[in-house]
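Participant: I would like to see how this sequence folds:
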Amino acid sequence: MKHVFSFLFLVLSTSLLTAQSISISGTVYDRALNEPLPGVNVILKNTTNGTTTDFDGNFTLADVAVGDVLVFSYISFKTTEMTITGQDAITVYMQEDVSALDEVVVIGYGTQTKKEITGAVTVVGSETIEELNPTRIEQALQGQVAGVNITAESGSPGSGSSIRIRGISTNGDNRPLILVDGNVIEDLSVLNPGDIESINVLKDATAGIYGVRAANGVVLITTKTGRRNSELKFSYDAYGGFQETSRTIPVLNATEYAVIINEAFAANGQPNPFPNISELGVGTDWQDEVFQTAPIFNHNLTMNGGGEKSTYSFGASLLTQDGIVGGNKANFKRYTTRVNFNTDLLENLKLTTNLLYTGTERRTLSENAIGSVLFNALNNAPTFAVKDANGDFTLAEGLGNEVINPLAQVANTFNSTDVDRLSGKIALNYGFLEDFTVETSLQFNYAEVQGRGFSPTVFYGSGKVFNNIGRNSLSVNKDIFRDYTFDAFINYKRLFGENHNLQATLGTSVFKTTGLFSGSTTGFFENETTFAQADIANTVDRRNGLVDSGLSGKFDERLLSYFARVQYDYKGKYLLSGVIRRDGSTKFGPNNRFGYFPSGSVGWVVSDENFLNESKTINFFKLRGSYGILGNDRIPSNGFRGVLSGEGAYVLNGQLVFGQAVGVLPNPAIQWEEQKTYDIGIDLRLFNDTIDITADYFNKTTEGLLLQPQVSGILGASAPGAQAPVVNGGTVENSGFEFAIGYDYSPSENFSLGINYNVTFLDNEVTEVNNEAGFLQGGAFGVGQDPPARMEAGKPIGYFYGLETNGIFQNQAEVDAHATQANTGPGDIRFVDQNGDGEIDSDDRVDIGNPIPDATMGLNLSINYKNFDFGAYAFASIGNEIVRNYERNQPLVNKSVFTLNRWTGEGSSNEYPRVTTGATSNTLFSDFFVEDGSFVRIQNAQVGYTFSNEFMERFGADKLRIYVSANNIYTFTEYRGYDPSASSGAPIGAGIDQGFYPVPRTYLLGVNLKF
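Facilitator: Okay, the predicted model is just below:
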């Protein structure tokens, strides 16, 4: 019996202990940032007993028992549950719910949740930007967003990129509208990528809320801000590394060069320039001499915090980057300072402010042109040494007027461009009558651009166009740019009953940009001086073309807009949005100044219907569509009126007097370009949100293209400074299909896998060019030849127009049997007689290539295992062609190694022509110079390690991560030039390679520290 009582007592005691109420405390952290989360709801499951975390993420909850479950919930974070096991203190980590359909997305003058969006909108988060470590924002978009194609204009430090959203819509300015925290920013080089919280890309008619400047799409950038009720936190991100060229172009060494040159001279009956080639050896590899390993460093410090009614954020950064060509002679330095401050002045009155200062210093070398450094490295003879016996740079004698010693060119190039830019915004938001809010904001940009270029006396060789054998000279300029945007709008939002949600926006926007071009002032020095010592005040014979012409250099452009938007949804599953905007621009005459641009979109959340809401396979399914008309005024000012910007000669009192005349011929009838665009898309999530699919078909037709046609000189457009008038004379259509799929697999807290793939198929076609010739020309090839690119109906914009080849003439009989072809013999290229008139001439030119890719795609992979993380990105461009135009046609310049495959006799080659110094037609623009520019590039790979929390607590830090990464790792391509991804960005003339500066391969070691 004693044992029975003992057993009953033990059971009762255990039961009482188990049921005993205890008090538990703990701290809740953001898993990604390892920062405390204030304001988290902590609820005892299935009860009303709960609390919230304080400023430091701490909480205490009484009346809980062992075995109870605590539920932690916070906006935009995944709900977390934890079972009480008897401990009196716990630590909870919450993970941001980045895929939640209620994630708020900025769409223009407001926000929507992802579920409500009816347009084609893509979001790139800060995590992606941190993994890529781009020096410019554009690099974070390439391969990440379907329908967005980024082409680097150069790989030199500080150079820009062209952003094309869903194709080329005009032969003019195709840049999208870019806003940073609502402020218009035209040049993304002023922004530090580490300051960015998210990038939203609007790709369809829903961009119409931004009006005239949104025809090419909109990129909305949101910078980082603090969090309310959070203590001051610091974040320091830094990386350092080195860059190298990703490629060199194989050219002949000295011995090969001498053999080829001797053969070419012999073919024309001339004596051999190199009678003894046995002692030449390899010679000078000018590319090895020019390219170098260049350092790159970046530092970024951010401070965030917030109180009960306000948030604040401060960021500062420094980037310095040398060039892989020229080193510090091609240096780019950027330093930024950013301040964001938001506060509640009253319960219903909110103040938002931000200020951004950016300073850049850039030095450049000649690139992507005849006479550039790389052009000279490719064409200079390998038989020349870098310096002669006296230690002076060798002269490139006998190689034509443009080819010089590239190292001498680098040594004698001195220039710098300094830009100081201040951007800011102040906004007030006031809520009244429960359903209304009114917001007004003032945004501004101020920039000063100061340029300085020094030309020393230098002699590069006989007859060189770059010689300066007179006096040292200095050129300086200072340009000022200002713009202001005033926005004011009122929002009405109300839920009628339980099912009808209505939101209306009515507003106005005023934009003004002014500035002053100082013109370039050039002065000459009477004594020798250096770049560092040169001062324009010490020069003589100063000249300024702008001042001498009598022009002011001032400009003033304005926009006035009114807009209205209505958004409606029924039960959150039937969605409707409509926008009407009236824009007025000073770039058009009084009769055509204003235009009306409507757009609308609809959506249906199919997964909310009864027949799908119980589906275990389909978690979310939305159909959406949009249509709209958008305007575009991105043309130079004063096209509708005559301006005295040309040169004129007049006879006054019997004497010839030079003065001003009309420059661009005026056309008072010009009006808006109109882009009619529609989009049909789906958003789909499957299998517990592990698979995310987005697909869109789009079509946008731009009518009334603003262009300058070719006109007869009789009309006066051929005088110095004169240009043809701007007219509405073309139509371009872009259509295509976008598809993106993502897979997210997270079986445990220790492992996660993410794979994302996107592809865009694009078809571009010009349907009308309304001028006398029926086409427009652009680009350049060789010397003295017609422009190789055209805009013409029935073809893609900027297609290549030249002769089609049909092999190599093998003997004289083939030459005699063929159509007449000037300066042709056996071993020369055979052109196709397209019109059958028996003569090869300019009338036989046809479409021989397209610089616009048929498809672009990106593949992104991320893996996390415990404290390790790995990410890799790849990008591909398929179906575009590139013109090889970096080879100079001169007898003694160096040549590609492919010249070794030349025709040397009947049957020896049917692809590469003979070599000769005599006149041939082989240098005429033809498909011999057009190559497949398709490529697949491993864009980035990164491996990181995050130290454990226990380790970090020893140092009082929240997070420490170190990583190594490589960018531009390898490019798979058949193109023989430096970089198939580079382009001039011109709508007519893109894809013509004159020795593109390659995008460098970069190796980085970095650290992310939060404390």
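
Participant: Contacts for stretch 972-983 next, please.
Facilitator: 151-155, 162, 245-249, 368, 374, 851, 877, 882, 884, 886, 896, 898, 931-937, 971, 990-991, 993, 995-999 (Cβ atoms under 8 Å, 6 or more residues apart in numbering). No exception for glycine: its C-beta is placed from N, CA and C like everyone else's.

Participant: my bad, should have said stretch 775-790
Facilitator: With Cβ under 8 Å, 6+ apart, stretch 775-790 has contacts from 171, 370, 707, 709-710, 730, 769, 791-793, 798-802, 842, 851, 883, 885, 889, 923-925, 929, 986-992.

Participant: Give me the subset of these lying in strands.
Facilitator: 707, 730, 769, 791-792, 799-802, 883, 992 (DSSP state E).

Participant: can you list the residues you listed in CSV and add distance to residue 288, pLDDT and neighbour count?
Facilitator: Rendered in CSV, the data for the ones in strands among the contacts of stretch 775-790 read as follows (distance: Cβ to Cβ, whole Å; pLDDT from 0 to 100; neighbours: other Cβ atoms under 10 Å):
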residue, distance to residue 288, pLDDT, neighbour count
707, 45, 76, 23
730, 47, 88, 26
769, 46, 91, 24
791, 40, 94, 24
792, 43, 94, 21
799, 37, 96, 24
800, 32, 97, 29
801, 37, 97, 22
802, 33, 97, 27
883, 26, 95, 28
992, 26, 93, 27
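
Participant: Could you look up the SS state of the residue sitting nearest the centre point of the chain?
Facilitator: By Cα atoms, centre = their mean, the chain has its centre lying nearest to residue 138, at 3.0 Å. Recorded secondary structure, residue 138: helix (DSSP: H, G, I helix; E, B strand; the rest coil).

Participant: measure it to residue 404 for me?
Facilitator: 33 Å (Cβ to Cβ, to the nearest Å).

Participant: Show me what the one helix or strand residue 759 maps to is packed against.
Facilitator: Using DSSP states H and E, the element containing residue 759 is strand 751-769. Counting contacts by 3 or more Cβ pairs under 8 Å, 6 or more residues apart in numbering; DSSP states H and E, strand 751-769 is packed against strand 730-748, strand 789-792, strand 855-865.

Participant: just these: most buried one?
Facilitator: strand 789-792 (a mean of 24; mean count of other Cβ atoms under 10 Å).

Participant: quick revisit: show me which of the contacts of stretch 972-983 are buried.
Facilitator: Those of these that meet the buried threshold are 151-155, 162, 245-247, 249, 368, 374, 851, 877, 882, 884, 886, 896, 931, 933-937, 971, 990-991, 993, 995-999, by 16 or more other Cβ atoms under 10 Å.

Participant: Show me the residues you listed that map onto strands.
Facilitator: Per DSSP E, the subset of the buried ones among the contacts of stretch 972-983 in strands is 151-152, 162, 877, 882, 884, 931, 935-937, 971, 993.

Participant: Could I get the full set of helices for the stretch 451-600 of the chain?
Facilitator: 545-549 (DSSP state H, counting those that start in this stretch).

Participant: what do you get for the chain?
Facilitator: Ranges of helices in the chain, per DSSP state H, are 2-19, 126-132, 254-267, 286-290, 373-379, 406-411, 545-549, 812-817, 949-953.

Participant: Now render the ones in strands among the contacts of stretch 775-790 as CSV, adding distance to residue 329.
Facilitator: Below are the ones in strands among the contacts of stretch 775-790 laid out as CSV (distance: Cβ to Cβ, whole Å):
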residue, distance to residue 329
707, 38
730, 42
769, 43
791, 37
792, 42
799, 37
800, 34
801, 38
802, 36
883, 29
992, 26
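
Participant: which one of those is nearest residue 847?
Facilitator: residue 799 (5.5 Å; Cβ to Cβ).

Participant: Was I right to think the closest one contacts residue 792?
Facilitator: Yes - taking contacts as Cβ atoms under 8 Å, residue 799 lies within contact range of residue 792: 7.4 Å.

Participant: And the strands in the stretch 301-450 of the chain, which stretches?
Facilitator: 310-323, 327-346, 349-362, 414-432, 436-455 (DSSP state E, counting those that start in this stretch).

Participant: State the mean pLDDT of the second one.
Facilitator: Across strand 327-346, the average pLDDT comes to 94.

Participant: tell me what it is packed against?
Facilitator: strand 310-323, strand 349-362.

Participant: Distance from the chain centre to stretch 925-936, please.
Facilitator: 24 Å (Cα atoms, centre = their mean, to the nearest Å).

Participant: Kindly report the same for stretch 372-388.
Facilitator: 33 Å.

Participant: do stretch 724-742 as well
Facilitator: That offset, for stretch 724-742, works out to 18 Å (Cα atoms, centre = their mean).

Participant: Over to stretch 911-931?
Facilitator: 35 Å.

Participant: now could you export just the CA positions of that stretch as CSV?
Facilitator: Output of stretch 911-931 as CSV, limited to C-alpha atoms (Å, rounded to 0.1, in the frame of the first residue of the first chain):
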residue,chain,number,x,y,z
GLU,A,911,36.3,31.5,-97.1
TYR,A,912,39.2,33.8,-96.6
PRO,A,913,40.5,35.9,-99.6
ARG,A,914,44.0,36.3,-100.8
VAL,A,915,46.3,39.0,-99.4
THR,A,916,47.5,41.8,-101.6
THR,A,917,48.4,45.4,-101.4
GLY,A,918,46.6,46.0,-104.7
ALA,A,919,43.1,47.4,-104.9
THR,A,920,40.3,44.9,-104.5
SER,A,921,36.7,44.9,-103.6
ASN,A,922,37.3,42.6,-100.6
THR,A,923,37.0,45.5,-98.2
LEU,A,924,33.5,46.5,-99.3
PHE,A,925,30.9,46.0,-96.6
SER,A,926,29.5,42.5,-96.9
ASP,A,927,28.5,39.5,-94.8
PHE,A,928,32.2,38.5,-94.7
PHE,A,929,32.4,41.1,-91.9
VAL,A,930,29.2,40.0,-90.2
GLU,A,931,29.4,37.4,-87.5
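
Participant: Give me the residue ranges of the stretch 551-700 of the chain where confidence is low.
Facilitator: Scanning the stretch 551-700 of the chain with the threshold set as pLDDT under 70 gives 638-651, 656-664.

Participant: Isn't residue 377 up against residue 290?
Facilitator: Yes - under the criterion of Cβ under 8 Å, residue 377 makes contact with residue 290 at 4.5 Å.
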